[in-house]
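Novice: Output the structure for:
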Amino acid sequence: MYILNGFEYLFAHPTALLFVFIGAITGTVAGAIPGMTSAAAIAMLVPVTFYLDPLTALAFLYVIGKSGRYGGSIAAILFNTPGTASSAATMRDGYPMTQQGKAGKALKTATVASVFGDTFGELVLIFCAAIIAAFTSTFGPPEYFAIYMMAFVVISSVIGKSIIKGLLSTLFGVMISIIGLDPIAGIPRMTMGMYSLESGFSLVPLLIGLFVISEVMVQTEKLDDEGVHVARMSSDDPDAGRLTWAEFKRCIPLMLRSSGMGAVIGLLPGLGSAVACFAAYGEGKRRSKSPEKWGTGIVEGIAAPESANNAVSGPTMIPLLTLGVPGSTIAAILIGVFLIHGIQVGPMIFETHRDLVYGLFAAGLLGIASYGVIGYFCGPLIGRAIAYVPPRLLYPFIFLIAAISSYSPRQSLFDIGVALVFGIIGYIMRRTSYSTAAFIIAFVLARGAENAFRQSLLLSDNGMGVFLERPIAIAFMAIGLAVLVGRIVSDLRRKHRHAEAASGNS
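Specialist: Down below sits the predicted model:
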């Protein structure tokens, strides 16, 4: 079995093992800082991976993404502030449990559910990715262009509250991506005569601006100088600090259903763990025999969203590895790291770099176990430590690290300027409900889409008709169109219901 070879390959790289543990700690702490998403942490640490071998670099960032999703539950439970968007639903029962003096029980429930869901999703990745890759290995440029188009449409349709803003965010990402030299003609495009732009925008400062600097700007508006406050964490109940066996058994069917939902959502580009957590919470409450207890502080209200949002982690890698299409922001960053190390992502990666891929899968499983141990025994300690650090010290430090991370890859002051500019752009996008996730995914995919489009035209004498000659290409474009139409119909129905409700109230 290839996964066993993956563990053998991983254990043959002691540095990779070390960075798996470092990644588990880093991601858990970063996720527990209110507003400090795992994507932001990964963006700041991408320059570190330039000096590591491919397995170590990818395992490090991959585990940060996994543990960061879990770490968000610590902030949600203790501070009533989701560390990440994927933990927003966890607050509904997590914080009430903390107010009841059951923070220990809530944190342990979140840890167990996160490990359960993440392991479920990783197994889906391990057993399904190679099978899908065998099918997609026969695809040519027309099929890949259709996949890119489907991804653009799906991402812009499902991310955010507005289809129009999602589409504009995607188009903006495409426009920024094509700045630089034409890949075929070698002619500068949209460079405004600036030599520094002829190579295009570097991924690292752009990521840091959008996800780190903009986040610092948002968070400094929200938090006062006293920092966050933790409710009481002690109780006279002897079981307040632990998840009992009876409670765990009661949650197993719920975690299985929620993990399955999360895995399916993870396969769909653009939906992500934030959608999974609310979908699982809503479904868990609907199927519960006591729905009135949800939101009052019960372990099921933590187990459902946490198993779902962490189950997303593995399946989001499937479209990345089999098609070269990132299904999430973190996957978009990882595709950049693959390319930095000279590895072309796509179905052939299972032939050309099989040991690396399964070594990464093994690192994912080891990372899950690592953050599980860290969270189970040290979750309250991490929360207390973060609570005592005032924002006036924390966020300037994050800003300084972001500036250093922007400068270090190319030792360029221009890149610091890019990070600052895109930090302001990211802040404006957040404030006006435009999607930074859609932007960055489109930025990463645009060059590949352009190359696939041009190659398709060169291979055919039928011009644009080449895309109508390939059934698979037609199928992918139809899927994208169906998702777009479905979102439009859903929005129209919701507006109609709101209009009826408003007219009824009047």
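
Novice: low-scoring stretches of the stretch 1-150 of the chain, by residue?
Specialist: Where the stretch 1-150 of the chain drops to pLDDT under 70, the residues are 1, 35, 82-84.

Novice: quick one: least confident helix or strand in this protein?
Specialist: In the chain, no helix or strand scores lower on mean pLDDT, DSSP states H and E than helix 471-505, which sits at a mean of 79.

Novice: List the buried residues of it.
Specialist: Within helix 471-505, the residues scored as buried using 16 or more other C-beta atoms under 10 Å are 472-473, 476-477, 480, 483-484, 487. (Each C-beta comes from the backbone N, C-alpha and C, glycine too.)

Novice: So which of these is the closest to K495?
Specialist: R487 (12.6 Å; C-beta to C-beta).

Novice: how close does that closest one get to R430?
Specialist: R487 is 21 Å from R430, where distance means C-beta to C-beta, to the nearest Å.

Novice: How about F453?
Specialist: Taking C-beta to C-beta, one finds F453 at 31 Å from R430.

Novice: more neighbours, the two?
Specialist: F453 (19 against 16; other C-beta atoms under 10 Å).

Novice: How about the contacts made by the more buried one?
Specialist: Under the criterion of C-beta atoms under 8 Å, 6 or more residues apart in numbering, the contact partners of F453 comprise 141, 145.

Novice: and if we set it to 10 Å?
Specialist: For F453, the contact set (C-beta atoms under 10 Å, 6 or more residues apart in numbering) comprises 141-142, 144-145, 148-149, 464, 466-467.

Novice: Look up which helix or strand it falls in, please.
Specialist: F453 is part of helix 436-459, with elements assigned from DSSP states H and E.

Novice: okay if I get the buried residues of helix 471-505 as a markdown table plus distance to G448?
Specialist: Formatted as a markdown table, these follow (distance: C-beta to C-beta, whole Å):
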| residue | distance to G448 |
| --- | --- |
| I472 | 17 |
| A473 | 15 |
| F476 | 14 |
| M477 | 16 |
| G480 | 16 |
| V483 | 20 |
| L484 | 21 |
| R487 | 24 |
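
Novice: Among the residues you listed, which one sits closest to G27?
Specialist: V483 (30.8 Å).

Novice: separation between that closest one and S67?
Specialist: 31 Å.

Novice: quick one: which of the contacts of F453 is nearest T329?
Specialist: Looking across the contacts of F453 and measuring by C-beta to C-beta, the closest to T329 is Y148, at 17.2 Å.

Novice: Phi and psi next, for that closest one.
Specialist: phi -60, psi -40 (degrees, to the nearest 10).

Novice: P188 now?
Specialist: Phi and psi for P188, reported as degrees, to the nearest 10, are phi -60, psi 140.

Novice: Could I get the buried residue list for the helix holding F453?
Specialist: By neighbour count on 16+ other C-beta under 10 Å, the buried set for helix 436-459 is 436-446, 448-453, 455-457.

Novice: Please compute how far it lies from its chain's middle.
Specialist: Its chain's C-alpha centre and that of helix 436-459 lie 20 Å apart, by C-alpha atoms, centre = their mean, to the nearest Å.

Novice: ditto for stretch 157-169
Specialist: A distance of 17 Å separates the centroid of the chain from that of stretch 157-169, by C-alpha atoms, centre = their mean.

Novice: do stretch 174-181 as well
Specialist: With C-alpha atoms, centre = their mean, you get 24 Å for stretch 174-181.

Novice: Check stretch 25-42 too.
Specialist: Offset of stretch 25-42 from its chain centre (C-alpha atoms, centre = their mean): 12 Å.

Novice: Distance of the closest residue to G27 other than its chain neighbours relative to H341?
Specialist: In space, and not counting its chain neighbours, G27 is closest to S67: 3.1 Å by C-beta to C-beta, 6 or more residues apart in numbering. Applying C-beta to C-beta, the value for S67 to H341 is 22 Å.

Novice: which of the two has more neighbours?
Specialist: Using other C-beta under 10 Å as the criterion, S67 and H341 rank with S67 on top: 34 against 17.

Novice: Would you confirm that the more buried one contacts A363?
Specialist: No: with contacts counted by C-beta atoms under 10 Å, S67 stays clear of A363, the gap being 11.9 Å.

Novice: Now for these two: what residues contact both?
Specialist: 20, 23, 370.

Novice: Columns secondary structure and distance to A130 on top of the residues you listed, output as CSV?
Specialist: Shown next, in CSV, are these (DSSP: H, G, I helix; E, B strand; the rest coil; distance: C-beta to C-beta, whole Å):
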residue, secondary structure, distance to A130
V20, helix, 22
G23, helix, 24
S370, helix, 25
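
Novice: Are any of those residues buried, and if so which?
Specialist: 20, 23, 370.

Novice: Just give the closest residue to the second one, not the sequence neighbours.
Specialist: Right, the one you point to is G23. V63 is the one closest to G23 (C-beta to C-beta, 6+ apart), at 3.5 Å.

Novice: Would you confirm that F116 contacts P253?
Specialist: No: judged on C-beta under 10 Å, F116 makes no contact with P253 at a distance of 11.7 Å.

Novice: neighbour-wise, which of those two wins?
Specialist: Neighbours around F116 and P253, counted as other C-beta under 10 Å, are more numerous at F116. The numbers are 24 against 10.

Novice: Regarding R430, what is its secondary structure?
Specialist: helix (DSSP: H, G, I helix; E, B strand; the rest coil).
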